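Visitor: sequence first, predicted model second:
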Amino acid sequence: MEGSRSETSAADVSEEVTYTSVKFSQASPPRAKASQKKRAPRVWSAVVLGLTISFGILSISLAIALVWKMSDSYPRCPEEWVAYRGSCYSFSKEEKDWNSSQLSCWSQGAHLLVISDTWEMDLFKRIQTERFWIGLRNSTTSGWIWADGSVSNYTKVLFNSRVQHCAVLMKGQFRASSCEFRAPWICEKSLR
């Protein structure tokens, strides 16, 4: 029986070698997977690069569209007008009477200067010019009224005669003048 045992053992060993040999042949595919793993980063980096370029182009396109839209919709003052705190101001070079000056402003979608707060008051009182028509007029019933209909409560207007019903800005002060007097004027319109 000993002989048969050795035959059986040899057959067992032979099967084990075959089995081990099968394991070696299956060990080869993981190397193939390893080479696929090396290729995957190249593919992934190409995808990331493509997405990055696409996102960059999209971002630039949106930025250009936004700037274009803002430049069209953002209110601006007309040429030769001055912007200050939400308003545009135009200083005429020609001279007209008060009514003609107001008509000239209206034709440009504006009105004679109306000083509505202390910021504007301080700004325009600093103008040290000879004179400019402003939108302030004396009403026999209500006193000095701005061109927008508001009453001038804080404005002191210097005057010499009862025939002086229109105001000019003159050397930092408001002075009454005959409305027929010819002077340059300041137009104002809102940016809104």
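Guide: In hand now; what should we look at?

Visitor: buried residues of the lengthiest strand in the chain, list them for me.
Guide: The residue-count maximum for a strand in the chain (DSSP state E) belongs to strand 132-139. When neighbours are counted by 16 or more other C-beta atoms under 10 Å, the buried residues of strand 132-139 are found to be Phe132, Trp133, Ile134, Gly135, Leu136, Arg137, Asn138. Yep, even glycine has a C-beta here, placed from its N, CA and C like the rest.

Visitor: give me every residue that touches the closest residue in space to the fifth one that isn't next to it in sequence.
Guide: Setting aside the residues directly before and after it, Leu136 is nearest to Ala167 in space (C-beta to C-beta, 6 or more residues apart in numbering), at 3.7 Å. Taking C-beta atoms under 8 Å, 6 or more residues apart in numbering as the definition of contact, the neighbours of Ala167 are Trp133, Ile134, Leu136, Arg137, Asn138, Trp144, Val157, Phe174, Arg175, Ala176, Ser177.

Visitor: reformat these as a markdown table; add pLDDT and distance to Leu103.
Guide: As requested, the contacts of Ala167 are exported to a markdown table (pLDDT from 0 to 100; distance: C-beta to C-beta, whole Å):
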| residue | pLDDT | distance to Leu103 |
| --- | --- | --- |
| Trp133 | 93 | 12 |
| Ile134 | 92 | 15 |
| Leu136 | 91 | 16 |
| Arg137 | 90 | 14 |
| Asn138 | 88 | 19 |
| Trp144 | 87 | 21 |
| Val157 | 82 | 22 |
| Phe174 | 87 | 21 |
| Arg175 | 89 | 22 |
| Ala176 | 89 | 21 |
| Ser177 | 91 | 18 |
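
Visitor: tell me which of those residues is nearest to Ala183?
Guide: Taking C-beta to C-beta as the measure, Ala183 sits nearest to Trp133 out of the contacts of Ala167, at 5.3 Å.
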